[in-house]
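S.K.: Everything below, folded, please.
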Amino acid sequence: MKYISYIKKKILALIMPIFLDTMNFWVKTDERTILFLAFDGRGFLDNPKAIFDAMITDEKFGDYHLVWVLNQLLEIPGGQVIKKKSFAYYYYLSKAKYWVMNQKMPEYLIKKPEQVYLQTWHGTPLKRLAHDMPDTGLTYYRSKQSYQEMVTSYDKDSRLWDYLISPNTFSTEVFASAFQFPTEKIIETGYPRNDDLINRSEEEIQKLKVAYNLPQDKKIILYAPTWRDDSYSLKGYTYDLHIDFHKWHHTLGDSYVIIFKPHYLISNQVAIPESLSDFVRTVPATSDINDLYLISDCLVTDYSSVFFDYANLNRPIYFYMPDFDSYKDVLRGFYLDVPDDLPNDICQTEDDLLTAIITGAYNVKRLEIFNRRFNNLQDGYSSKNVIKEVFG
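M.R.: As a prediction, this is how the structure comes out:
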């Protein structure tokens with residue numbers, strides 16, 4: 001099976017450049033067409049969504065053709081939706097003057113000189129990226145790339161970027177190093193997706209709770225863990241959560257509800273016992289996480305960058321890292337000094353985590369210091385600032 005998959009990738013790598021070159025030759029670039037893609041087509045999400053939302057309310061873009069690429073078709077008011085890997089997808093890759101994307105794209109991608117590629121990326125990095133990752137001799141990702149193959153794949157994409165969004169000065173320095181990308185092409189303006197966290201009213205948040213069918217009289221915990229580089233199958237990354245939701249329920253009682261939001265790269269399903277269905281609510285990995293931030297009272301995560309965004313709400317953040325020692329020493333390594341640079345201490349056992357939640361163990365001053373360093377640019381206008389810079 002692995003051999004067949006490898007052969008398919010090699011054939012695709014040979015055929016696609018020829019196909020895309022032909023498409024680029026015949027299809028004329030349209031100055032007023034913009035192509036949006038987030039998380040490889042998994043949803044209408046993230047920084048591209050925030051930029052799109054700002055555009056459809058701006059009369060300057062009234063005659064622009066806004067095209068969204070999705071794996072599963074759905075209606076997006078104000079935009080045309082096309083399916084990933086369809087003929088229309090490759091056609092608009094060639095036709096669109098602007099690409100707005102939030103992750104590394106396939107190595108066979110070809111961009112015409114007159115096209116503009118806005119790479120928004122998708123998080124302030126805690127874990128080391130690309131050139132900054134250690135060359136341990138291990139293979140990276142499910143694709144089994146060597147270190148050199150991995151950094152080469154980043155280089156091929158980043159050389160096509162005309163702009164890269166950075167949420168803060170820290171990220172600008174990291175991106176310049178990790179992607180070997182010139183700082184003069186980095187737009188340091190905060191993340192567009194966080195405008196939503198700044199601008200939503202309390203009334204809108206209450207409506208969201210109703211829409212998610214959440215009780216108004218209980219505290220909502222958002223649990224959002226990430227994936228591990230060395231744990232995967234042919235279908236995707238896998239993980240062992242090292243949690244016992246029965247224990248959580250016994251300790252926290254009926255005053256809490258857990259919203260469990262897995263990372264979109266995780267393939268294995270975590271079975272929630274029927275007896276805990278009212279206590280633990282699962283949501284699809286492709287759900288808009290901003291909604292979940294807004295309706296929750298606190299966040300529990302591990303090495304995911306979600307805490308950088310969540311900190312904008314000035315609510316408690318708890319870190320559950322049962323594999324902390326192996327993660328920092330064997331896998332990625334961190335850019336930050338963990339836990340000192342985080343907005344809270346880390347917990348390595350469930351008992352410590354649950355005790356921290358019950359006692360409300362977090363330091364408001366420490367969170368303020370964290371936000372001054374990482375969220376000082378989040379003023380609710382990042383989308384408009386990016387649009388002004390890129391689209392004039």
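
S.K.: was I right about residue 166 contacting residue 178?
M.R.: No: using CB atoms under 8 Å, residue 166 is not in contact with residue 178; the gap is 11.6 Å. C-betas here are computed from N, CA, C, even on glycine.

S.K.: between those two, who's got more neighbours?
M.R.: Shown here are residue 166 and residue 178; by other CB atoms under 10 Å, residue 166 has more neighbours (24 against 20).

S.K.: Which residues does that one form beta bridges with?
M.R.: When bridges are taken as DSSP bridges, the partners of residue 166 come out as residue 188.

S.K.: tell me the SS of residue 221?
M.R.: strand (DSSP: H, G, I helix; E, B strand; the rest coil).

S.K.: From residue 61, how far out is it?
M.R.: With distances taken as CB to CB, to the nearest Å, residue 221 is found 39 Å from residue 61.

S.K.: These two: who's more crowded?
M.R.: Remark: of residue 221 and residue 61, residue 221 carries more neighbours, 21 against 18, as counted by other CB under 10 Å.

S.K.: Contact partners for that one?
M.R.: With contact taken as CB atoms under 8 Å, 6 or more residues apart in numbering, residue 221 is in contact with 256-259, 296-300, 357.

S.K.: Make JSON lines from those and add distance to residue 288, pLDDT and secondary structure to it.
M.R.: Formatted as JSON lines, the contacts of residue 221 follow (distance: CB to CB, whole Å; pLDDT from 0 to 100; DSSP: H, G, I helix; E, B strand; the rest coil):
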{"residue": "256", "distance to residue 288": "23", "pLDDT": "96", "secondary structure": "strand"}
{"residue": "257", "distance to residue 288": "19", "pLDDT": "96", "secondary structure": "strand"}
{"residue": "258", "distance to residue 288": "18", "pLDDT": "96", "secondary structure": "strand"}
{"residue": "259", "distance to residue 288": "13", "pLDDT": "95", "secondary structure": "strand"}
{"residue": "296", "distance to residue 288": "13", "pLDDT": "97", "secondary structure": "coil"}
{"residue": "297", "distance to residue 288": "18", "pLDDT": "97", "secondary structure": "coil"}
{"residue": "298", "distance to residue 288": "19", "pLDDT": "97", "secondary structure": "strand"}
{"residue": "299", "distance to residue 288": "15", "pLDDT": "98", "secondary structure": "strand"}
{"residue": "300", "distance to residue 288": "19", "pLDDT": "96", "secondary structure": "strand"}
{"residue": "357", "distance to residue 288": "25", "pLDDT": "97", "secondary structure": "helix"}
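
S.K.: Let me have those residues in a markdown table, adding neighbour count as columns.
M.R.: Shown next, in a markdown table, are the contacts of residue 221 (neighbours: other CB atoms under 10 Å):
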| residue | neighbour count |
| --- | --- |
| 256 | 19 |
| 257 | 19 |
| 258 | 23 |
| 259 | 21 |
| 296 | 25 |
| 297 | 15 |
| 298 | 20 |
| 299 | 27 |
| 300 | 25 |
| 357 | 23 |
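
S.K.: Just the closest of these to residue 207, please.
M.R.: Nearest to residue 207 among the contacts of residue 221, counting by CB to CB, is residue 296 at 15.2 Å.

S.K.: what's across from the nearest residue to the closest one once chain neighbours are set aside in the sheet?
M.R.: The spatially closest residue to residue 296, leaving aside those adjacent along the chain, is residue 222, at 3.8 Å (CB to CB, 6 or more residues apart in numbering). For residue 222, the beta-bridge partners are residue 259, residue 299 (DSSP bridges).

S.K.: Residue 222 contacts residue 262, doesn't it?
M.R.: No: look at residue 222 against residue 262 with CB under 8 Å: they stay out of range, at 11.8 Å.

S.K.: per-residue pLDDT, residue 137?
M.R.: Per-residue pLDDT puts residue 137 at 69.

S.K.: likewise residue 319?
M.R.: 96.

S.K.: neighbours of it, just the number please.
M.R.: 23.

S.K.: same check, this time on residue 321
M.R.: Residue 321: 19 surrounding residues under other CB under 10 Å.

S.K.: Ok, residue 273 next?
M.R.: By other CB under 10 Å, neighbour count at residue 273 equals 11.

S.K.: What does it show for phi and psi?
M.R.: The phi and psi values for residue 273, taken as degrees, to the nearest 10, are phi -60, psi 140.

S.K.: Mind pulling up the pLDDT for it?
M.R.: Per-residue pLDDT puts residue 273 at 81.

S.K.: again with the one 10 residues further on
M.R.: Residue-level confidence at residue 283 comes out at 84, pLDDT.

S.K.: The one 5 residues further on now?
M.R.: Residue 288 carries a pLDDT value of 88.
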